[in-house]
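A.B. asks: the following comprises the amino acid sequence and a computationally predicted model.
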Amino acid sequence: MAKILVVAPHPDDEALGAGGVIHRAIQAGNEVRVILMSAGDGFVQDAERYYLSLHVTPEEYLHLGYERQLESQRAMAQLGLSPEHVACLGFPDGGLDHLLLHYGDSLPFESQTTHQASVPYIHLPSYHTPYTGYHLLNLLIHELKTFQPEWVVSPILVDQHPDHWATSAFATLALLQCQAAHLPWAQSAQQWGYLIHWTGWPLPLGYHPELSMEMPQALKTHPFITWYPQDDYAEQEIQTKRQALLSYDSQVELIKPFLQAFARRNEILGKVLPLPWGPRVVLPRPKSVALPKLIHKDFGLIGSTWWFDGMQMHALLDLNGRPEWTIRLASFIFGSDLQFFGAEIKGDVTREEIQRIDTERGVELVWSPQNNAIHGMALMGIVIYDEENKMIARTGFWPWQSLR
């Protein structure tokens with residue numbers, strides 16, 4: 001009997017990305033557990049529609065969070081998973097990326113919608129846990145150690161939604177931490193990723209059970225992601241997933257065509273290849289089509305090249321940027337314990353711990369990894385913000401393999 005842990009940023013992502021996997025695994029007698037990182041209490045447009053108001057109160061956002069947790073339980077019941085196998089950590093919807101990028105901060109993050117700085121849901125075991133990256137990661141590690149999964153299914157790191165790529169990173173960090181602790185079950189555990197948010201995908205919207213799910217063209221041939229379509233689902237399996245998706249009542253009126261677009265003949269999971277220390281690694285940035293690229297102002301980062309020269313780490317950003325943009329680096333190194341290094345560069349200001357070099361090809365960042373990092377696993381990534389503090393581009397948070 002296999003154990004599968006599905007990690008979702010918000011209630012509904014577990015069904016969107018892995019509903020078929022969950023249903024089929026349960027039917028085969030496998031053990032499944034679902035972890036919701038947040039209660040979905042930060043979806044502003046949904047809350048405005050749900051309460052028919054442009055001025056939703058913090059208390060109403062909390063009420064929506066309670067409702068969405070129940071919706072997830074009802075949806076999972078449609079797939080055969082009982083409520084005790086669905087757990088919510090209750091961390092801030094819309095703030096998971098901040099918790100990742102500012103992992104070293106001891107000051108809790110405050111939700112922009114609920115105005116809470118700790119888990120506000122009194123029925124959750126995590127009640128009153130501060131909103132910090134450290135506390136979130138440790139809760140997730142506890143879930144892994146308790147359940148000991150063979151598969152960890154989470155968003156894929158190239159997903160465009162900040163909560164999704166942050167959840168991907170936290171799931172990777174939790175699994176790597178368990179592996180670094182030499183826990184026997186973790187050595188063979190695998191992480192798989194599902195995609196939910198990508199510009200202009202999936203199309204067509206609406207319910208099309210006759211169609212197969214296909215990855216966006218820009219991601220199909222990514223050099224460091226291998227995609228594995230799951231076996232075609234029978235008509236009844238597709239109907240079951242559709243009914244599960246329609247159980248998210250608070251979401252249906254607003255995004256029903258989007259929800260139903262994921263009830264198709266198959267699901268696709270991706271596996272990320274760890275990057276090697278030392279040699280130059282070129283991370284291409286998947287290109288968006290022209291119109292969505294213009295609409296989303298997605299023109300900051302063309303690609304990035306990473307290498308380790310034996311002493312220092314280098315990241316060359318092929319960047320059509322502006323001086324007023326901010327570059328944020330986050331690095332996690334696994335050795336005897338987890339070490340975090342974060343640095344932020346605004347304009348052409350160079351900080352003591354990281355050097356910025358402007359070249360003809362773009363911006364090169366140089367820093368010294370913690371404690372001879374090449375002998376441990378790592379997770380590193382860079383995010384770029386414009387002068388209004390809106391995210392322009394990111395490299396993705398990629399795992400780096402040990403040279404041991």
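C.D. replies: Structure received.
A.B. asks: residue furthest from the geometric center of this structure?
C.D. replies: Ranked by distance from the centre of the chain (C-alpha atoms, centre = their mean), the top residue is residue 360, with 32.7 Å.
A.B. asks: which residues in the stretch 51-200 of the chain form helices?
C.D. replies: 58-78, 96-101, 133-147, 162-180, 184-187 (DSSP state H, counting those that start in this stretch).
A.B. asks: that older thread, ok, the residue farthest from the centre of the chain - contacts?
C.D. replies: By C-beta atoms under 8 Å, 6 or more residues apart in numbering, no residues touch residue 360. Every residue, glycine included, has its C-beta placed from N, CA and C.
A.B. asks: okay, it: pLDDT?
C.D. replies: We have a pLDDT of 84 for residue 360.
A.B. asks: how about stretch 20-38: buried residues?
C.D. replies: Buried positions in stretch 20-38, judged by neighbour count with 16 or more other C-beta atoms under 10 Å: 20-26, 30-38.
A.B. asks: so of these, which ones are in strands?
C.D. replies: 31-38 (DSSP state E).
A.B. asks: looking at those residues, which is nearest residue 329?
C.D. replies: Distances from residue 329 to those, taken as C-beta to C-beta, are shortest for residue 37 (22.9 Å).
A.B. asks: so where is the chain shaky, pLDDT-wise?
C.D. replies: Residue ranges of the chain with pLDDT under 70: 286-300, 321-323, 348-352, 370-375, 402-404.
A.B. asks: among the helices of the stretch 51-200 of the chain, which is nearest residue 273?
C.D. replies: helix 162-180 (12.6 Å).
A.B. asks: dump that closest one to PDB, restricted to CA.
C.D. replies: Taking Å, rounded to 0.1, in the frame of the first residue of the first chain, the C-alpha atoms of helix 162-180 are listed here in PDB:
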ATOM      1  CA  PRO A 162       3.100  33.200  -6.000                       C
ATOM      2  CA  ASP A 163       1.300  31.000  -3.400                       C
ATOM      3  CA  HIS A 164       1.800  28.100  -5.700                       C
ATOM      4  CA  TRP A 165       5.500  28.400  -6.400                       C
ATOM      5  CA  ALA A 166       6.000  29.100  -2.700                       C
ATOM      6  CA  THR A 167       4.100  26.000  -1.700                       C
ATOM      7  CA  SER A 168       6.300  24.000  -4.200                       C
ATOM      8  CA  ALA A 169       9.400  25.400  -2.500                       C
ATOM      9  CA  PHE A 170       8.100  24.700   1.000                       C
ATOM     10  CA  ALA A 171       7.200  21.100   0.100                       C
ATOM     11  CA  THR A 172      10.700  20.600  -1.400                       C
ATOM     12  CA  LEU A 173      12.300  22.100   1.700                       C
ATOM     13  CA  ALA A 174      10.400  19.800   4.000                       C
ATOM     14  CA  LEU A 175      11.300  16.700   2.000                       C
ATOM     15  CA  LEU A 176      14.900  17.700   1.700                       C
ATOM     16  CA  GLN A 177      15.100  18.400   5.400                       C
ATOM     17  CA  CYS A 178      13.700  14.900   6.100                       C
ATOM     18  CA  GLN A 179      16.300  13.400   3.700                       C
ATOM     19  CA  ALA A 180      19.100  15.400   5.300                       C
END
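A.B. asks: for stretch 159-166, give me every contacting residue.
C.D. replies: Here stretch 159-166 makes contact (C-beta under 8 Å, 6+ apart) with 9-10, 13, 37-38, 93-97, 99-100, 155, 157-158, 168, 193, 195-199, 391, 394, 396-397.
A.B. asks: and that stretch, how far out from the chain's middle?
C.D. replies: Taking C-alpha atoms, centre = their mean, to the nearest Å, one finds the center of stretch 159-166 at 4 Å from the center of the full chain.
A.B. asks: quick one: buried residues of that stretch?
C.D. replies: Across stretch 159-166, burial judged by 16+ other C-beta under 10 Å covers 159-166.
A.B. asks: what do you get for stretch 67-77?
C.D. replies: By 16+ other C-beta under 10 Å, the buried positions in stretch 67-77 come out as 67-69, 71-73, 75-76.
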